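>>> Need a 3D model of the following:
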Amino acid sequence: MVRADKASRPPPPKVPPVLVEGVQYAQVTNTARAGLAPGGGWLAASEAKTGKPLWTLRVYDNPINPADEADVQLVFFTSMKRVRGQRVLEIENESGERYTVDLDTRKVAPKR
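Below is the predicted model of the structure:
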């Protein structure tokens with residue numbers, strides 16, 4: 001049993017949401033509450049004015065091995081920014097992997 005005062009990993013990095021043309025894009029850190037698969041890698045879009053959810057997208061897959069402690073396997077975003085002049089986000093995670101997300105097509109591509 002893990003004691004509440006002895007967290008196995010630090011909390012997810014604080015990555016501010018990105019606002020693009022009235023839509024706010026933010027990392028989903030509590031996948032259980034959102035009804036999503038665990039592991040991290042989720043991006044949520046919502047109306048900036050109302051907070052109405054628009055869609056969620058798995059940016060990267062991070063399967064959780066049930067034989068190991070789950071929280072130490074989580075991989076969260078460390079940065080998220082808009083590509084200047086484009087409707088594209090660049091996201092980096094705790095493993096150093098980088099991705100681009102086209103906000104119109106919702107296509108994800110690894111960034112090299």
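
>>> Name the surrounding residues that touch the helix or strand bottoming out on mean pLDDT in the chain.
In the chain, the helix or strand scored least confidently by mean pLDDT, DSSP states H and E is helix 31-34, which has a mean of 87. Outside helix 31-34, the residues within contact range by CB atoms under 8 Å, 6 or more residues apart in numbering are Val28, Ala37, Pro38, Gly39, Gly40, Trp42, Ala44, Thr56. No exception for glycine: its C-beta is placed from N, CA and C like everyone else's.

>>> Quick check, the third one in contact with Leu74.
Yes - the pair Pro38 / Leu74 is scored as a contact, 7.3 Å apart, by CB atoms under 8 Å.

>>> Report the buried members of the contacts of helix 31-34.
Val28, Pro38, Gly39, Gly40, Trp42, Ala44, Thr56 (16 or more other CB atoms under 10 Å).

>>> which among the residues you listed gets closest to Asn93?
Gly40 (7.2 Å; CB to CB).

>>> gap between the nearest residue to Thr29 once chain neighbours are set aside and Val88?
In this structure, Thr29 finds its nearest non-sequential neighbour in Pro12, 4.7 Å apart by CB to CB, 6 or more residues apart in numbering. Computed as CB to CB, to the nearest Å, the Pro12 to Val88 distance reads 23 Å.

>>> Also Trp55?
Counting by CB to CB - Trp55 and Val88 are separated by 16 Å.

>>> Of the two, give the one with the bigger neighbour count.
Neighbour count, other CB atoms under 10 Å: between Trp55 and Val88, Val88 has more, with 18 against 10.

>>> residues contacting that one?
Counting by CB under 8 Å, 6+ apart, the residues that Val88 touches are Arg82, Thr100, Val101, Asp102, Leu103.
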